[in-house]
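S.K.: Got a predicted structure plus its sequence, pasted below:
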Amino acid sequence: MENYDTIAAIATGMTDSGIGIIRISGENAVTVGNRLFRSPSGKKILDSAQSHMLYYGYAVCEESDKMIDEVMAVVLKAPRSYTGEDTVEIQCHGGVLVMRRLLDIILKYGARLAMPGEFTKRAFLHGRIDLSKAEAVMDLISSQNEAALAASVNQLRGALADKIKNLREELIYEIAFIESALDDPEHMDLEGYPEKLLAKIMILSNDISGLIAGAEDGRLIKEGINTVIVGKPNVGKSSFLNCLLGEDRAIVTEIAGTTRDILQDTVRIGSISLNIVDTAGIRETADRVEKIGVEKARKYAKNADLIVYVVDASVALDNDDKEIVSLIKNQNIIVLMNKNDLVSTVTEEDIRLLFQDRTEEKRPPVILKISAALCEGMAEFEEAVKELFFHGEIASGNEVVITNLRHKEALQESLDALMLVRKSIEEGMPEDFYSIDLMNAYTALGRIIGEAVEDDLVEEIFSKFCMGK
């Protein structure tokens, strides 16, 4: 492995905090750190420091011999470090000014400022982690809910990498067998082999199909469920949003049309996130401003993962309700019969009749009775969301969940290649045709863990990381 220049960056947030960490990594990391760090007796000791031991001392400007901060320092000798290189971490007080001052001195002593994600990129290039684990690091940092955190930790522990490696081992065995049999037909017989290979292909295809099928759940876990609240004016949409958020985020009055623009927020319910959009009440209106809000509501509703359709159960349904249902009828829908604390005029059967033209393959809308004014029915709403999207259960941290679009595309490419192998077998093609598509499947899976991956893709992936990681 070639030597890389020495890099440094602030690894903690750029805000005042109790502790700040400056990370140095590369061939000259110890030399650079040694110029900055002094023991309580004033000696430079990092060049002889024991690896993975924490040392107390001071950060001192070498030229002026002026103390900058009281710090702790640790030396992590290669290859037993995050990057696989010699690494030094300086733990200082977490003031923005002191962290920047120490970083400036470190850069002056021979390090350069690290690019976003460069520490993790070096860990990948030195074989410390594979590409799927590297991506899991960033997912872990950006996790917005417990389910996303569990999925990221599981990938960081190697669950996805292990699964991919096992699939590739199965494929490479068959590739090697075919190549060996073609090279030495006198000693290796392919009689009956296509049938055995077909059985193996079906098993592998089912495994990969299962991973692909779970990718949509993975997207929702990672990114959150894009949820749009729709309904006529003054049915309680904003009151429902305030209940979810636990605060008065939206203005609530008895005046119809109070919400005229889009309100957006993210709320965690249980272990998942909802990216909530509260829309203007959908109705025919001559008000130009309100009309713009209604058009925005239609646009957001069209692209939602989940529609929350709020109905005032104390008021009879009308043509505006029919217009709303025609817009949303073939999406994932939870209907909230609001104002359950008042005398109900609308029945569940009335709601079902509104959706009688719904596409058959879609599940019937979930109908719940709530009181947004009293914040009653929130627990039932949470359970309905989980049932609608995750069949009642969020994937546990022990399951492999595909949360990355790049991984899903590679899996699909591998599956397509296996389907070509199956087609070749069924059409009685020669065995060397099998090898070509088996190798394509093997290569596609390899891109998930970073084997045979293009340099520009590596650059793109790590450019999305935060500075210092």
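M.R.: Cool, the structure landed.

S.K.: got the contact list for whichever strand or helix holds Leu457?
M.R.: If you go by DSSP states H and E, Leu457 is part of helix 455-463. The contact list for helix 455-463 (CB atoms under 8 Å, 6 or more residues apart in numbering) reads Met115, Pro116, Gly117, Glu118, Thr120, Lys121, Phe124, Leu131, Ala134, Glu135, Arg406, Gly450. Bear in mind the C-beta positions are built from the backbone N, C-alpha and C, glycine included.

S.K.: Check stretch 116-130 too.
M.R.: Contacts to stretch 116-130, defined as CB under 8 Å, 6+ apart, come from residues 1, 4, 7, 9, 11, 23, 25, 79, 82-85, 115, 131, 134, 137-138, 161, 449-450, 458, 461-469.

S.K.: Quick check: buried residues in that stretch?
M.R.: Neighbour-count burial for stretch 116-130, counted by 16 or more other CB atoms under 10 Å, picks out 116-126, 128-130.

S.K.: Among those residues, which one lies nearest to Arg168?
M.R.: Set against Arg168, the nearest of the buried residues of stretch 116-130 by CB to CB is Asp130 (11.9 Å).

S.K.: Leaving aside the residues adjacent along the chain, what's closest to that closest one?
M.R.: For Asp130, ignoring the flanking residues on the chain, the nearest one in space by CB to CB, 6 or more residues apart in numbering is Ile449 at 4.1 Å.

S.K.: Distance check, the one you found against Ser132.
M.R.: 5 Å (CB to CB, to the nearest Å).

S.K.: What of Leu140?
M.R.: Distance, Leu140 to Ser132, by CB to CB: 12 Å.

S.K.: Same drill for those two, tell me which one is more crowded.
M.R.: Ranked by neighbour count (other CB atoms under 10 Å), Leu140 and Ser132 place Ser132 first, with 23 against 15.

S.K.: show me what contacts that one?
M.R.: Counting by CB under 8 Å, 6+ apart, Ser132 touches Gln155, Leu160, Ala161, Ile164, Asn404, His407, Ile448, Ile449, Gly450.

S.K.: Separate out the buried members of the residues you listed.
M.R.: Buried among the contacts of Ser132 (16+ other CB under 10 Å): Gln155, Leu160, Ala161, Ile164, Asn404, His407, Ile448, Ile449, Gly450.

S.K.: Dump those to CSV, plus pLDDT, secondary structure and distance to Tyr434.
M.R.: Output for those, formatted as CSV (pLDDT from 0 to 100; DSSP: H, G, I helix; E, B strand; the rest coil; distance: CB to CB, whole Å):
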residue, pLDDT, secondary structure, distance to Tyr434
Gln155, 90, helix, 31
Leu160, 93, helix, 27
Ala161, 94, helix, 26
Ile164, 95, helix, 21
Asn404, 90, coil, 29
His407, 94, helix, 25
Ile448, 94, helix, 22
Ile449, 93, helix, 24
Gly450, 90, coil, 26
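
S.K.: picking that back up, can I get the helix holding Leu457 in CSV? Just the C-alpha atoms.
M.R.: Extracted in CSV, the C-alpha atoms of helix 455-463 (Å, rounded to 0.1, in the frame of the first residue of the first chain):
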residue,chain,number,x,y,z
ASP,A,455,-12.3,5.3,-8.5
ASP,A,456,-14.8,8.0,-9.4
LEU,A,457,-17.6,6.2,-7.5
VAL,A,458,-15.3,5.9,-4.5
GLU,A,459,-14.7,9.6,-4.7
GLU,A,460,-18.4,10.4,-4.9
ILE,A,461,-19.3,8.2,-2.0
PHE,A,462,-16.8,9.7,0.4
SER,A,463,-17.4,13.2,-0.7
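
S.K.: And the pLDDT for the spatially closest residue to Gly377 that is not a sequence neighbour?
M.R.: Among residues not flanking Gly377 along the chain, Ile370 sits closest, at 3.0 Å (CB to CB, 6+ apart). Per-residue pLDDT puts Ile370 at 92.

S.K.: same question, the one 4 residues further on
M.R.: According to the model's per-residue confidence, Leu374 sits at a pLDDT of 90.

S.K.: Could you look up the SS state of it?
M.R.: coil (DSSP: H, G, I helix; E, B strand; the rest coil).

S.K.: now swap in Met337 and tell me
M.R.: Under the three-state scheme (three-state DSSP), Met337 adopts strand.

S.K.: OK, contacts around it?
M.R.: Per CB under 8 Å, 6+ apart, neighbours of Met337: Val311, Ala313, Ser344, Val346, Glu348, Ile351, Ile367, Leu368, Lys369, Ile370.

S.K.: So among those residues, where is pLDDT lowest?
M.R.: Within the contacts of Met337, pLDDT reaches its minimum at Ser344, with 87.

S.K.: Val315 contacts Val346, doesn't it?
M.R.: Yes: using CB atoms under 8 Å, Val315 makes contact with Val346 at a distance of 7.5 Å.

S.K.: neighbour-wise, which of the two wins?
M.R.: Set Val315 next to Val346 and count neighbours by other CB under 10 Å: Val346 wins out with 20 against 16.

S.K.: Just to be sure, Tyr56 is in a strand?
M.R.: Yes: judged by three-state DSSP, Tyr56 forms part of a strand.

S.K.: right, and it touches Pro40 too?
M.R.: Yes: taking CB under 8 Å as the contact criterion, Tyr56 and Pro40 are neighbours in contact, 6.9 Å apart.

S.K.: residue with max distance from the center of the protein?
M.R.: Centroid-distance maximum for the chain: Glu186 at 52.1 Å, with CA atoms, centre = their mean.

S.K.: The residue nearest to Asp130 against Ala161, yeah?
M.R.: Yes: counting by CB under 8 Å, Ile449 touches Ala161, with 5.3 Å between them.

S.K.: measure stretch 100-115 end to end?
M.R.: Distance between the two ends of stretch 100-115: 16 Å, counting by CA to CA, to the nearest Å.

S.K.: Rounded mean pLDDT for that stretch, please.
M.R.: Mean pLDDT, computed over stretch 100-115, is 96.

S.K.: I would like the residues contacting it, please.
M.R.: Residues from elsewhere that reach stretch 100-115 (CB under 8 Å, 6+ apart): 5-10, 22-26, 28-29, 31-33, 35-36, 59, 61-62, 68-69, 90, 92, 121, 462-463, 467-468.

S.K.: same thing but at 6 Å, please
M.R.: If you take CB atoms under 6 Å, 6 or more residues apart in numbering as the criterion, stretch 100-115 is touched by 6-10, 22, 24, 28, 32, 35-36, 59, 68, 92.
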